[in-house]
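In: 3D, please:
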Amino acid sequence: MDELKEKYLELLRSTKREGIEELIDFLENKSDFFKAPASTRFHGDHEGGLLEHSLKVYELLSQKCKSAPIEIDIPEDSLILIGLLHDICKVNFYKVDYRNKKNDLGVWEKVPYYAVDDTIPYGHGEKSVMMITEYIKLTNEEKYSIRWHMGFTEPKELYTTLGLAYYKYPVALLTHEADLEATYLFHT
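Out: Residues are numbered from 1 along each chain as shown. Reported below is the predicted structural model:
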């Protein structure tokens, strides 16, 4: 896991954005980012899952932008920030709790599991944008891509707005696709 953490931090630092060291300090010292799961039970539901998932989304997003059927003109630092920080809203979001479960011998025992403890109920993509912009400035393309990375899992009342965002910033659609692929094809 240390190797993945170093790769993640190296990529963030390579953006050279003003405030990036303060953001890194938050991630390392005031959050559980590097130990947090990516979800409670769907993907990356283990310690370090969020780190693995974020790196995979960046990797896939970078590939998608290079091979997209239209030209995607976006700087590498934007791809790094979008991919690595799209789920920053999940820091300090999960807690370990315990429940009773029968083991292989049919005996009840307490087992740990991840539960949601949402102390900042501000949504998902919009919460990530809010948290990031407390430290660094994002371009509009970065904001839209992070805000709308959940795609059509958003409430159907937002589909028109979502579609408009994808027309305006196609990388936002590619971010959603990269997130889905990381989740369902790579299980990160």
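
In: alpha carbons only for contacts and neighbour counts from here, please
Out: Noted.

In: Quick one: residues contacting the residue positioned nearest the centre of the chain.
Out: The residue lying closest to the centre of the chain (Cα atoms, centre = their mean) is residue 87, at 2.4 Å. Under the criterion of Cα atoms under 8 Å, 6 or more residues apart in numbering, the neighbours of residue 87 are 50, 54, 124-125, 128.

In: Go through those residues and give me the one with the most neighbours.
Out: When neighbours are counted by other Cα atoms under 10 Å, residue 50 leads those with 27 neighbours.

In: Could you measure from that one over to residue 182?
Out: Using Cα to Cα, to the nearest Å, we find residue 50 at a distance of 11 Å from residue 182.

In: hey, what's in contact with both of the two?
Out: Shared contacts of residue 50 and residue 182, defined by Cα under 8 Å, 6+ apart, are found at residue 188.

In: Run through the helices of this structure in chain order.
Out: Under the criterion DSSP state H, the chain carries helices at the ranges 2-14, 20-29, 49-67, 76-85, 125-132, 140-147, 159-168, 170-184.

In: what packs against the first one?
Out: Where contact means 3 or more Cα pairs under 8 Å, 6 or more residues apart in numbering; DSSP states H and E, helix 2-14 is packed against helix 20-29, helix 49-67, helix 76-85.

In: Ok, which of those comes nearest residue 108?
Out: Ranking the helices and strands packed on helix 2-14 by proximity to residue 108 (Cα to Cα) places helix 49-67 first, at 27.5 Å.

In: in the protein, which segments are predicted with low confidence?
Out: The chain contains residues with pLDDT under 70 at 1.

In: show me the contacts for residue 172.
Out: The contact partners of residue 172, by Cα under 8 Å, 6+ apart, come to 141, 144-146, 148-149, 165-166.

In: Please produce a markdown table containing the residues you listed, extended by distance to residue 132.
Out: What follows is these, written out as a markdown table (distance: Cα to Cα, whole Å):
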| residue | distance to residue 132 |
| --- | --- |
| 141 | 14 |
| 144 | 13 |
| 145 | 13 |
| 146 | 10 |
| 148 | 15 |
| 149 | 15 |
| 165 | 20 |
| 166 | 21 |
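
In: Right, I'll leave it there.
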